[in-house]
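1. Please find the sequence and the predicted model below.
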Amino acid sequence: MRTPDHQAWGTIDRNGERAGAVWIPAALHEWLDTKDVAAKLLMSLLGGSVQLHRIPDPAGPLHTLSVDGTHRTHLWRVLNLEKLLAYVENVPLPIRLSPLDFTIKGSVKEGLDKDEAQAAIWRSLLAKGIVQGAFDTPGFTYLPLELHSAPAVWLFYPPHLAAAYSRRYAELYPGAWEEVGIPAEAFTTAETWTAWAAEG
């Protein structure tokens, strides 16, 4: 239970009593003050298990939160508990995908510009041999990419997410990126990832 940004634990973007700065201290007080840990643990699970996505990759998987469990996951990490009861769903490598699959907030022009930048990264990864596949019609941004293989599905995510996932992957599996031809430092920031991917 870790994150690429270790300072983010306990920071939950909610309002009122569900805000991390309010909920986490209150929950910690309850847990540290309880006399019956087993009963408290049972009560914490009555709302349903934490839901995780398991993203398989050659060196090993990554796990990310899916729908439910943000507060409990943060609390478990703050309490330094090593295990968490969770429902885990595998995320397979997609067969076809398009830059339009990733919703971009902002103006239409901004969205189209970012989609083109995303497609440019994909084309570069294909040219470098990092991923295997082909666009239905080469040169067109918005037609799907037929994907044959890739070291990680998140390489197709927007740059800030691709970099964050990849830094964590490098922490868990040192040398894994170098084995597929990508220097780990390429993922230092979204900008360094975009620059490396754009290199000829």
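-> Nice, thanks for sending it over.

2. Domain-wise, how is this structure divided?
-> The chain resolves into domains spanning 6-90, 96-198 when parsed by automatic domain parsing.

3. I'd like to know how many residues surround residue 89.
-> When neighbours are defined as other CB atoms under 10 Å, residue 89 has 11 of them. C-beta: built from backbone N, CA, C; applies to glycine.

4. how about the spatially closest residue to residue 194 that is not a sequence neighbour, what does it touch?
-> Leaving aside its chain neighbours, residue 194 sits nearest to residue 159 (5.0 Å; criterion: CB to CB, 6 or more residues apart in numbering). Residue 159 makes contacts with 118, 121, 190-191, 193-194, as judged by CB atoms under 8 Å, 6 or more residues apart in numbering.

5. With residue 86 instead?
-> Taking CB under 8 Å, 6+ apart, we find residue 86 in contact with 49-52, 69.

6. So in terms of bridging, what pairs with it?
-> residue 50 (DSSP bridges).

7. Report pLDDT for it.
-> Looking at residue 86, its pLDDT stands at 78.

8. Mean pLDDT lowest where, among the domains of the chain?
-> Confidence, taken as mean pLDDT, is least for domain 6-90 of these (a mean of 74).

9. Need the three-state assignment for the residue sitting nearest the centre point of the chain.
-> Central residue of the chain (CA atoms, centre = their mean): residue 165, 4.9 Å from the mean position. For residue 165, the assignment made with DSSP: H, G, I helix; E, B strand; the rest coil gives helix.

10. how much space between it and residue 177?
-> For residue 165, the distance to residue 177 (CB to CB, to the nearest Å) stands at 11 Å.

11. Look at residue 134 and say how many residues are nearby.
-> The number of residues near residue 134, taken as other CB under 10 Å, comes to 11.

12. Okay, and the beta partners of the nearest residue to it once chain neighbours are set aside?
-> The shortest distance from residue 134 to any non-neighbouring residue, by CB to CB, 6+ apart, is to residue 146 (5.6 Å). Judged by DSSP bridges, the bridge partners of residue 146 are residue 96, residue 134.
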